[in-house]
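In: got a predicted model here, sequence first, then my questions.
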Amino acid sequence: MLSIRNLKVSIKGKEILKGINLEVKAGEVHAIMGPNGTGKSTLAYVIAGREGYEVTEGEIIFKGRNILDLSPEERACEGLFLGFQYPVEIPGVSITNFLRTAINEQRKYKGLDPVPAVEFLAKMEEKKQLLELQEKLASRSVNEGFSGGEKKKNEIFQMAMLEPSLAILDETDSGLDIDALRIVATGVNKLRRPDNATIVITHYQRLLEYIIPDVVHVLFDGRIVKSGGKELALLLEEKGYEWIRSES
Amino acid sequence: MEKNQNNILEEVTTSDYKYGFHTDIEMDLAAVGLSEDTVRFISAKKNEPEWMLEFRLQSYRHWLTLTEPTWAHIHHQAIKYQDIIYYAAPKRKKELTSLDEVDPELLETFKKLGISLDEQKKLSGVAVDAVIDSVSVKTTFTDTLSKYGVIFCSFSDAVQNHPDLVKQYMGSVVPSHDNFFAALNSAVFSDGSFCYIPKGVRCPVELSTYFRINAANTGQFERTLIIADEGAYVSYMEGCTAPMRDENQLHAAIVEIVAMKDAEVKYSTVQNWYPGNKKGEGGIYNFVTKRGICKGSHSKISWTQVETGSAITWKYPSVVLMGDNSIGEFYSVAVTNNFQQADTGSKMIHLGKNTKSTIISKGISAGQSNNSYRGLVKVIKRAENARNFSQCDSLLLGDKCGAHTFPYIKAENHTSIIEHEATTSKISDDQLFYCKQRGISSESAIGLIVNGYAKEVLMHLPMEFAVEAQKLLAISLEGSVG
Amino acid sequence: MEASIVSTIYDLKEYLSGIFADKQLEITRNDTPFVAAKRAKAFEVFSRMGFPHAALEKWRGTDLSRALNHEYHALPEPPSPELDIDKIFKCDVPHFETLLVTQLNGWYADRKNLLHVYPNGMIIGSLAAAFGKYPELISAHYGKYADDNAEGLTALNTAMSQDGIFIYIPDNVTVEQNIQTVNITDFKQNLFLNTRTLVILGENSHLRLVQCDDSINHDVTFINSVTEVKIGRNSTLDHYKLQNKDDHTTLINSMYFQQDEGSTLSTNAISLNGGLIRNLSHVTMSGSHSSAEVYGLYLMDRYQHLDNQVFINHAAPDCESRELFKGVLDDHASGVFNGHIKVHRDAQRTNAFQTNKNILLSDKASIDTKPFLEIYADDVKCSHGATIGQLDAEALFYIRSRGISEANAKILLMYAFAADVINKISIPELRQRMDDMVKKRLRGELSQCEQCVLNCSSHEQSRVEFNIDLSKI
C-alpha cells in the first residue's frame, strides 16, 4: 500500500526528517508515536503533499506509484486521506456541499459521473449512523464554530464518506474527552477493511487502547528509532520518551 | 507538480462574459448630444404632459450648474456627455397587445438571456417588466396583478395612466437636484418600471425588471418608482446585462422606494452589466442613485445586491429611516475582476425613534481591480434608541488588486448604539490545502470558499435570484468550474 | 514683548502672508540656506492651500473658522536670557524623574545654553540653534517626514516657525531618563504660535518622550505644532502626548513618525481638556518588521472639540500596527476619529488593527468616526471596529445593586472604559498620575490646569478597586 524509502525533508534549509523508512500493507493499522517536535506532523503533511516542505531525498510509493510529483488533490483522488490535527474552518460552506464537491471531483478523476443527490444524502445518513453521530452536521459550515471534539468527529465522518485506501490520522485524539475518543476509535475500527490501511499518529498511548495497532513505530529526531508490536506502546507509556532518548 | 498559485487565480478569475451579444433591431434614436432640445425631444416622443416636461427641463438646467463628483475611489477618462445618444428605442409599429406582436428578434434576445416573457410559463411565478435600451418592451402578468390592485407597468405608462401617483412621489426620495447623475437622469430618463402596492396587499408574485442595453453609443437612464402603501409587501428584483462593446457606455439610473406605515419592500439586484474586457477596455459606467424612505412607522426596506458587472460601479442604495421603529437593511456582494472598479455601499439615515439598520457588505477583488465599500450611518438628535450594525468584509484574490473600506459614522444621539466591524483577508493556504486534501481542485476550492464567504448575503435573495447569483459568482471567478 | 497684530478684519491668511514678507529677516535670522529654501517652498504651498476648511476630506469634522476669527499676534520674541523657567513652571508629579525641556511661546527656554551635549552623545536644545550647528542632521531629517503638501497648516509651520526643540539620540544609546518637553504659552495677548519639534533616533537606541502642552494665562491661543520623529533601525520610542489646555485654546498638533526596519513606536495621546484639539498621528513604516502602537484617550465636555486623525502608512512588508482610541463625550462636546490604514502593494504580511470606541453621555454630544482601510496587498490581516454607545445598562444596574450611587457607578464604568488606554502607559509614575487625573476629570474636579498638565494639587490616595466583571464595556 505505502512504502517510504529513505525520506529526507527540510523546511527552510533545516532538516526535519532524516531518512524515514516505512512499510504499510493493506489491512494494517500502524501507530507512529514520539515526543513533540520530532517530525510526526511533517511526515503526515509530506505524504499528503503540502507545500513548504523540501524533499531532499527518498521516495513515497503509494499503490506502486511514486506520488511525490502529484498535487495534494491528485493524491487525495488516489485514495489518500489526512485527518488534520487542526481541522480548518471554511465559513459559509456547508458540510454537505463540501463533501459532495469532494466526492464528485474524486469521481471525475476516476472517470465516473457525479453521484445523484438522493444517493449522496442516503450515504451521509448511513455513515452518520455507522459512526453514531448525533450532530446535525449536514447544514453546518465546515468546522466553523465546532468544538475541538466536533472537529475531530467531523474528520472521521469525512473519512467515512470519502472511503480512502490509506488514512493518516494526525493526533486525532488530542483534545478529545473520553466519549469523543470512543466515537473516533469506533469509527476507525468500523471502517477498517482488508483492502485499506490506517496510520495513527499520536503522542499518547491512550488512543491505542481503542484502536489496536499491528505495528508501533517510535519517531525520534526525524528517524524511526524503534518498531514493534502493540506492546511497544505500553513500554513507552511505562518508561516515557526519556527511555528512547537514552537508547538512541 | 503544483500549479503556481497565481496562475490558478488568474485562470479562475478571467472567464468570459456570456451576455456580450447584441441584437439587430430597428431602432428609434435621438440625435447625438444633450441640449434642451434633446430633453424636449424625449418628452415629445413619450407624449408627456406639460408638468413632466417642466420637471425634466428644471432638472436639466440644474444639471448644467453641477460638476461630476470626484470623491469616489475610481478613475476613468472624462465622460463626453455630448457624444452620447440619450434616447434609443426599439421601433414599435403599433401598440402591443400580446406577446406575438413583440419583435421576434427581441424575444430571441430575452430567450438568450434566460428571461421568460411568456405568460404561459407561470411556473416561474415572476412578473417581468423588460426594458431594452431606454424603453419598456413588455410587462408580463399585468392582468393578474390588477386583480389585487397592484399597478406594475412601465414608467411611461404610469405617467399617462397614473399621473397623480407619479406627481406625488417622483423625486420625493431622490430629488432631481440630489447629485450630478440624479439630475442628469431626471432630465433625460426614458423609461423604467413603476409599481404601486395598495393598502394591505401582499403582492402575490415577485416583481422583476430586466434591463438590457443594446444599441451602441447610447446611455441608459431608467427610473424606477416603487410605492408600498400601508401594510403592503412586495419583493422586487432587478437584473441587467449589456453587449460587449469597446467603448464605455453610461448608465445613470434612479430607483426610489416609498414604504408607508407597516409596509415592507425587498429590493434585490443582480447587476451584470458588461464589465469590459481583460485589458480594461469597454464596459458600462454604472452611476446609480438608489434610495428608499421608510415613511411610516414600522416600515421596512431591504436592499440586496450582487454586483459582478460594470467597468465602474458608483452606487449606494440607501434608506432614510423616517418612521419610528422602521428598519433598513443592506446586503451586498460586490465582485471586481480584471480592471473593474467598484465604489459601493449604503447610507442609513436614522431620523425616527427606535429605528434599526443592518449593513452586511462582502467585497471580493481579483485581477487588477479596486473594490471599495463606502457607507454612511447617521443618527440625528431625535432618533432615540437608534441601532446600527455594520459588517464589511473584503476578500483579496491576488496581489494586484485593492480592497478599501470607507465608513462614515455620525452619531448625535446618546441613546443610540452603533457598531461597525470590518476585516480584510485572503483565502488562507490552510483552507486551500484542506480542500485539496479532500480531492477538490484549486479552482473548485476557490469557488467553494468564495460562495461560502458570500453566503450571508446570498441567502437574502429570492430563490430564483439566489441560484442565478451563485452561478454568476461562479462565472465571474471560477471559470472552468460549473 | 513685541509682536505683530493679526486681525481677521483682514483675511488671516493674507495677513500672515504680509508678516512673512515684512518680517523675513526676523523669521529667517537663524536659517541656513537649506532651511530658508524649505521655508520659501512651504510658504508657496501654504499660499496655494490656505487654512484647512470643511470641504477637505480630512477636515470634514473640524471647523476652524471660529478659531481663526480672532485677532492674533504672531512671531513672539524669544524670552530673555535672564528668565528663570523654574519660576513660571515646575512639574510636580511625585517620583516622576524627568529630564525637563521647556519651551516658552515656541522658543527653547534656556537661552544661556541653547544646545546641551550629553556624555552619551545625546543632544537636546533649540532647533533654531541646531540649524547652524548640525547642518548634516538638519538636512538629513528636517522637513523630510512632515508633509507640507498634504496639510496647509504643516506648510505654514514650516514657513513661519522660528524655533522649537531639537533632540538627537545617536546609535546604540539607551536613554535612561524620561525626557519631558513642556510647551508653555504665556503671552497676555492673543497668540498665533507655530512651534516645531525634531526628534532623531539613531540605530539601536531607546527613548521615552513625554510631550506636554500647557498654558499659563487664559488668552485666546492658536498653537500650530509640528513634530517630526525619525526612528532608526531597531530603535524604540515610547511617546506620550498629554493635553490639558483651557477652553480658549486651539491646538493643532501634527506628529509625523518615520520608522526604519525593526523599529518600535508606541504613541499615546491623552486629551483631558482643550477648546479645540486636533491630533494628527502620521506614521510611515518604511522599514520591514517594524511595529507601531497608536493609542488615544479623550474625555471632553462643555463645548470642547477633539479630532484624532491617524494615518498608518504600511509601506514595507512584515509590519504590524495597532490602534486603540477611546473617548467619552459629555455636554455639547464633539469628537472626530479618522483612522486611515493604507497597505501598499509590497507590504505583504501586514497586520493592521484599529479600534475606536465612544461613549456619548448627553443628547447634545456628538461623534463622527471614520475607520478607513485602503489595502493593495493580499497577504494581510486587517480589521477595524468602531462603536458608539452608552454605559452598559446591565453593568450599571449590577453596580448599583451593590449599594453604589448611580453617579459613582457611572464614574466607575467610565473609568473602566478609559483604563484600557491608561494601562498602555509603560512609565509607572506617569500611569499612576494619569490614572488619578482621569478619575478627577471624570468627577469634574479637573477643569483646567493651573500650571503643568501634570500639576494636580493632590495625589489620589484611595485607589478604587473593582471586583466586578466589566468585560462588557
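Out: In hand now; what should we look at? Numbering: from 1, shown residues only, chains lettered A, B, ... in the order given.
In: which parts of chain A are helices?
Out: A:40-48, A:72-77, A:95-109, A:117-130, A:148-162, A:178-190, A:231-239, A:241-247 (DSSP state H).
In: closest to residue B:357 out of these?
Out: With CB to CB as the measure, helix A:95-109 is the member of these nearest residue B:357 (30.8 Å). Heads up, the C-betas are built off the backbone N, CA and C, glycines and all.
In: once you drop chain neighbours, what's closest to residue 62?
Out: By default, I'm working from chain A. Closest residue in space to residue A:62, ignoring its immediate chain neighbours: residue A:2 at 5.4 Å, by CB to CB, 6 or more residues apart in numbering or on different chains.
In: wrong chain, I was asking about chain C
Out: Residue C:62 sits nearest to residue C:307 (CB to CB, 6+ apart), 4.4 Å away.
In: the helix or strand hosting the one you found pairs with which strands?
Out: Using DSSP states H and E, residue C:307 falls within strand C:305-314. Take DSSP bridges as the rule and strand C:305-314 pairs in its sheet with strand C:276-285 (parallel), strand C:334-343 (parallel).
In: just checking, what packs against the helix or strand just after it?
Out: Using DSSP H and E, the helix or strand that directly follows strand C:305-314 along the chain is strand C:320-329. Here strand C:320-329 touches strand C:291-300, strand C:305-314, strand C:334-343, strand C:350-360, strand C:366-375, helix C:406-422, going by 3 or more CB pairs under 8 Å, 6 or more residues apart in numbering or on different chains; DSSP states H and E.
In: in strand C:320-329, what counts as buried?
Out: Residues of strand C:320-329 classed as buried under the neighbour-count rule (16 or more other CB atoms under 10 Å in any protein chain shown) are C:320-329.
In: tell me which of those is nearest to residue C:366?
Out: residue C:329 (7.3 Å).
In: now for the residue nearest to the closest one when sequence neighbours are not counted, how many residues are close by?
Out: Spatial nearest neighbour of residue C:329, excluding adjacent residues (CB to CB, 6+ apart): residue C:365 at 4.0 Å. Number of residues near residue C:365 (other CB atoms under 10 Å in any protein chain shown) recorded here: 25.
In: hang on, residue C:365 packs against residue C:306?
Out: No - Residue C:365 is not in contact with residue C:306 according to CB atoms under 8 Å; the separation is 11.1 Å.
In: so what sits against both of those two?
Out: Residues touching both residue C:365 and residue C:306 (CB atoms under 8 Å, 6 or more residues apart in numbering or on different chains) are C:333-335.
In: of those - the most surrounded one?
Out: residue C:335 (27 neighbours).
In: so what's that residue up against?
Out: Shown in contact with residue C:335 (CB under 8 Å, 6+ apart): C:298, C:300, C:305-308, C:327, C:329, C:358, C:365-369.
In: dump those residues to a markdown table, plus pLDDT.
Out: As requested, the contacts of residue C:335 are exported to a markdown table (pLDDT from 0 to 100):
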| residue | pLDDT |
| --- | --- |
| C:298 | 92 |
| C:300 | 89 |
| C:305 | 94 |
| C:306 | 94 |
| C:307 | 95 |
| C:308 | 95 |
| C:327 | 92 |
| C:329 | 91 |
| C:358 | 92 |
| C:365 | 91 |
| C:366 | 92 |
| C:367 | 93 |
| C:368 | 92 |
| C:369 | 92 |
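In: quick one: the strand holding residue C:307 to strand C:291-300, angle?
Out: Per axes from the mean of the first three to the mean of the last three CA atoms, to 10 degrees, the angle that strand C:305-314 makes with strand C:291-300 is 170 degrees.
In: send over strand C:305-314 as CSV, restricted to the C-alpha atoms.
Out: Output in CSV follows, covering the C-alpha atoms of strand C:305-314 (Å, rounded to 0.1, in the frame of the first residue of the first chain):
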residue,chain,number,x,y,z
HIS,C,305,-14.0,69.6,20.4
LEU,C,306,-11.5,66.9,19.8
ASP,C,307,-10.3,65.4,16.5
ASN,C,308,-8.0,62.5,16.3
GLN,C,309,-6.5,61.8,12.8
VAL,C,310,-4.4,58.7,12.4
PHE,C,311,-2.8,57.7,9.2
ILE,C,312,-0.8,54.5,9.3
ASN,C,313,1.2,54.1,6.1
HIS,C,314,2.3,50.5,5.7
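In: what does chain A have sitting close to chain B?
Out: For chain A, the residues in contact with chain B (CB under 8 Å from any CB of the partner chain) are A:48-51, A:69, A:71-73, A:75-77, A:81-82, A:84, A:87-93, A:97-99, A:101-103, A:105-106, A:109, A:141, A:158, A:162.
In: which of these count as buried?
Out: Among these, those buried by neighbour count (16+ other CB under 10 Å) are A:48-50, A:71-73, A:75-77, A:81-82, A:84, A:87-93, A:97-99, A:101-103, A:105-106, A:141, A:158, A:162.
In: pLDDT below threshold where in the stretch 301-450 of chain B?
Out: For the stretch 301-450 of chain B, no stretch is flagged by pLDDT under 70.
In: got it, and the stretch 1-150 of chain C?
Out: In the stretch 1-150 of chain C, residues with pLDDT under 70: C:1-10, C:86-96.
In: please list the residues of it that sit near chain B.
Out: Going by CB under 8 Å from any CB, the residues of the stretch 1-150 of chain C near chain B are residue C:57.
In: the closest residue in space to residue B:204 that isn't next to it in sequence: neighbour count?
Out: The shortest distance from residue B:204 to any non-neighbouring residue, by CB to CB, 6+ apart, is to residue B:148 (6.2 Å). By other CB under 10 Å, the residues close to residue B:148 number 15.
In: contacting residues around residue B:148?
Out: Residue B:148 is in contact with B:198, B:201, B:203-204, counting by CB under 8 Å, 6+ apart.
In: next one: phi and psi at it?
Out: When read as degrees, to the nearest 10, the backbone of residue B:148 gives phi -90, psi 0.
In: tell me the pLDDT of it.
Out: The model reports residue B:148 with a pLDDT of 89.
In: please apply the same query to the one 5 residues further on.
Out: The score at residue B:153 is 88. That number is its pLDDT.
In: so which elements touch the host helix or strand of it?
Out: Assessed by DSSP H and E, residue B:153 sits inside strand B:151-154. Helices and strands touching strand B:151-154, by 3+ CB pairs under 8 Å, 6+ apart, are strand B:126-132, strand B:135-139, helix B:142-147, strand B:193-197.
In: the residue nearest in space to the middle of chain A bridge partners, please.
Out: For chain A, the residue nearest the mean C-alpha position is residue A:168 (1.9 Å; CA atoms, centre = their mean). Residues in a beta bridge with residue A:168, per DSSP bridges, are residue A:82, residue A:199.
In: and if you look at residue B:257?
Out: Listed beta-bridge partners, residue B:257: residue B:226, residue B:292 (assigned using DSSP bridges).
In: wait, doesn't it sit right on residue B:302?
Out: No - in this structure, residue B:257 is not within contact of residue B:302 by CB under 8 Å, at 10.0 Å.
In: in terms of neighbours, single out the busier of those two.
Out: More crowded of residue B:257 and residue B:302, by other CB under 10 Å: residue B:257, with 32 against 22.
In: got the contact list for the more buried one?
Out: B:173, B:226-228, B:265, B:267, B:291-293, B:301.
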